[in-house]
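*Asks:* Here is my input; please provide its structure:
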Amino acid sequence: MHAMQHLKWIEVDLAAIRSNLRRVLSRLNPGVRLMAVVKADAYGHGMSAARELEKAGAASLGVLNIAEAANLRKAGVKIPIQLLSPILPENARDVVRLGLIPTLDDLKQAGALNKAAGGRKIPVHLDLDYGLGRWGIAPKNLEAFLPGLRRLKNLRLAGLSTHIDYVPGKNSVEAEEKLNAFNIIAQRLKRQAPGLICHAANSSVLMDFPHWQMGQVRAGNLLYGINTACSKSAPLKNPWRFKARIIALHDVAGGRSIGYASEYIAPRAMRVATLPVGYADGLTMEPAERLIGFGPGFQYWGRIGATKAPFIGRCGISHVLVDVTDAPKAKIGDVVALPIRRTAASSLLPRVYI
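*Replies:* As a prediction, the model looks like this:
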């Protein structure tokens, strides 16, 4: 019996992820640890990608919440897993049970962890907010926070972190100032807590401010072949392909209307293919920029081999029409590569690992 052929799938190249990890490791100063960020199901690449990063040399994995960490533990991940966002106090027991490293910004969370510790010494990281505004302790409030933390004898201050609001090409002078301000506090705290791991560098900070690697770097985008930094000196491999098969083909006369609300009028005789993917799969929800044309007549497109296949009309919930006039040999069952924002891609799409 033949295996069912997928109509739509994400192809993930694990060798490309391993290669990108090696590239990142080669940029680190001696003694700097690498945390591989695998939040949002490893940016949509799936559990196998997270396990590959463990095998390939990441010192720890970073996730946003306990549910993500629990899935990694279930999949057999043994290395340290850090929660990058604060916990709810009522979830403290799960942090202890799963052996996670929590990030704190509130003494209620700390108190709940201290209570749940059950005789263990729990390593915790404190996060400082330098303007991103999502969570974290205001730097000026850190000194007032620390005595309360020190009273909790089951907790050990193991790290200090920040995630600055840096956007490459926009605010690099301000970013340098914030990294420097964080480092002053980090060095002062390090004298009080030897072995403290201080970390502020995500992928773009690592590339554009390599002198601020500190004790640990948190890399996400670079591992998945995405470099948004101003510095482009890391040749990365793209491990990601979203693919779908043509399920219908038809010729459309010039002047005929097709698609919802008869909004699209064929400008000429066209060959049109139907693909079984739509916005339920995450299609056209801010897809990858490298496959999109911007400017007059903004448009998305897929590719059949090297040939562009522009989208026609609106994307439906589970189908989209593409113009394959320039690919006259296209037939039903042929594969079209499509643009999609990785973390918007539906988790129901099969991941095929190569």
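
*Asks:* Which parts of the stretch 51-200 of the chain are strands?
*Replies:* Secondary structure of the stretch 51-200 of the chain (DSSP state E, counting those that start in this stretch): strands at 60-63, 81-83, 103-104, 122-128, 155-162, 197-199.

*Asks:* Would you mind saying which of those lies nearest Pro30?
*Replies:* With CB to CB, the closest approach to Pro30 among those belongs to strand 197-199: 15.3 Å. (Each C-beta comes from the backbone N, C-alpha and C, glycine too.)

*Asks:* Extract the C-alpha trace of the following helix or strand past that closest one and format it as PDB.
*Replies:* Next helix or strand after strand 197-199 toward the C-terminus (DSSP states H and E): helix 203-208. What follows is helix 203-208, C-alpha atoms only, in PDB (Å, rounded to 0.1, in the frame of the first residue of the first chain):
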ATOM      1  CA  SER A 203      20.500  37.200  17.100                       C
ATOM      2  CA  SER A 204      20.600  40.800  15.900                       C
ATOM      3  CA  VAL A 205      22.600  42.000  19.000                       C
ATOM      4  CA  LEU A 206      25.100  39.200  18.500                       C
ATOM      5  CA  MET A 207      25.700  40.300  14.800                       C
ATOM      6  CA  ASP A 208      25.700  44.000  15.300                       C
END
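
*Asks:* Give the burial count for Pro123, as a bare number.
*Replies:* By other CB atoms under 10 Å, the residues close to Pro123 number 18.

*Asks:* need the contact list for the closest residue to it other than its chain neighbours.
*Replies:* With sequence-adjacent residues excluded and distances taken as CB to CB, 6 or more residues apart in numbering, Pro123 is closest to Ala158, at 3.5 Å. Contacts for Ala158 (CB atoms under 8 Å, 6 or more residues apart in numbering) come out as 101, 123-125, 195-197.

*Asks:* List buried residues within these.
*Replies:* Among these, the ones that count as buried by 16 or more other CB atoms under 10 Å are 101, 123-125, 196-197.

*Asks:* Distance to Gly282 and mean pLDDT added to the strands of the stretch 51-200 of the chain, as JSON lines?
*Replies:* What follows is the strands of the stretch 51-200 of the chain, written out as JSON lines (distance: least, CB to CB, whole Å; pLDDT from 0 to 100):
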{"stretch": "strand 60-63", "distance to Gly282": "21", "mean pLDDT": "98"}
{"stretch": "strand 81-83", "distance to Gly282": "25", "mean pLDDT": "98"}
{"stretch": "strand 103-104", "distance to Gly282": "28", "mean pLDDT": "96"}
{"stretch": "strand 122-128", "distance to Gly282": "30", "mean pLDDT": "98"}
{"stretch": "strand 155-162", "distance to Gly282": "30", "mean pLDDT": "97"}
{"stretch": "strand 197-199", "distance to Gly282": "31", "mean pLDDT": "98"}
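
*Asks:* Done for today, thanks.
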